[in-house]
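Quick one, structure for this:
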Amino acid sequence: MTLSILTTDLNLIIRSWDTNLTNITGIPPENICGNSLLDITPELQDNQDLFRCIQLVLTEGINQTFAPNFYPYLISCAPVFPCLYFDQMQQKVIFSPLKEGNNIKGIIITIEDITHQA
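All right, here's what the predicted structure looks like:
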């Protein structure tokens with residue numbers, strides 16, 4: 001299983017980007033941190049349902065899960081292992097509030113490669 005984690009602040013600016021994300025995208029943290037999540041996933045802003053789900057995480061602290069049948073991937077990248085059926089990694093994406101005490105400070109985004117299950 002490939003599991004990757006990134007975090008954003010309240011403005012969806014990427015604050016952390018783990019080694020797995022670097023390995024699957026080829027983008028090192030120093031080139032991505034400080035950029036908006038919306039810059040690398042413009043579909044989020046274009047899809048009002050998805051954007052509303054992210055706003056629920058930020059405003060209400062409610063976890064949101066995106067499955068491939070709803071939204072195939074958050075970060076565009078090839079599957080870790082070759083696949084005959086998909087040219088993009090199929091991802092289960094969980095958005096959770098990043099909290100300091102009772103205050104929401106951003107989002108923790110967990111991305112699981114589920115290409116082999118899809």
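
The helix or strand where Asp39 lies: how far from the chain's middle?
Using DSSP states H and E, Asp39 sits in helix 37-40. Mean-position distance between helix 37-40 and its chain equals 10 Å (CA atoms, centre = their mean, to the nearest Å).

Next SSE downstream of that helix?
helix 43-46.

Check what contacts that following helix and list those residues.
Outside helix 43-46, the residues that touch it by CB atoms under 8 Å, 6 or more residues apart in numbering are Leu37, Leu38, Leu50, Phe51, Ile54, Leu74. Using the backbone N, CA and C atoms, a C-beta is placed for each residue, glycine as well.

Now Ile13. Nearest residue, chain neighbours left out?
Distances taken as CB to CB, 6 or more residues apart in numbering place Ser36 nearest to Ile13, at 5.8 Å, with adjacent residues excluded.

ok, that neighbour - contacts?
Going by CB under 8 Å, 6+ apart, Ser36 touches Asn11, Leu12, Ile13, Ile14.

Filter these down to the buried ones and hand me the ChimeraX line.
To isolate the buried members of these in ChimeraX, using 16 or more other CB atoms under 10 Å:
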select :12,13,14
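
rewinding a little: which of the contacts of helix 43-46 count as buried?
Buried members of the contacts of helix 43-46, counted by 16+ other CB under 10 Å: Leu37, Leu38, Leu50, Ile54, Leu74.

Any idea which of those residues the model trusts least?
pLDDT across those is lowest for Leu50, at 84.

dump the residue contacts of it.
For Leu50, the contacting residues are Glu43, Leu44, Phe66, Tyr71, by CB under 8 Å, 6+ apart.

Could you rerun that using 10 Å?
Counting by CB atoms under 10 Å, 6 or more residues apart in numbering, Leu50 touches Thr41, Glu43, Leu44, Gln64, Phe66, Phe70, Tyr71, Leu74, Phe95.

Same question for it, what's its three-state structure.
Put simply, Leu50 is helix when judged by DSSP: H, G, I helix; E, B strand; the rest coil.

Just the strands from this structure, written as ranges.
Under the criterion DSSP state E, strands of the chain are mapped to 3-9, 14-17, 64-66, 91-100, 103-113.
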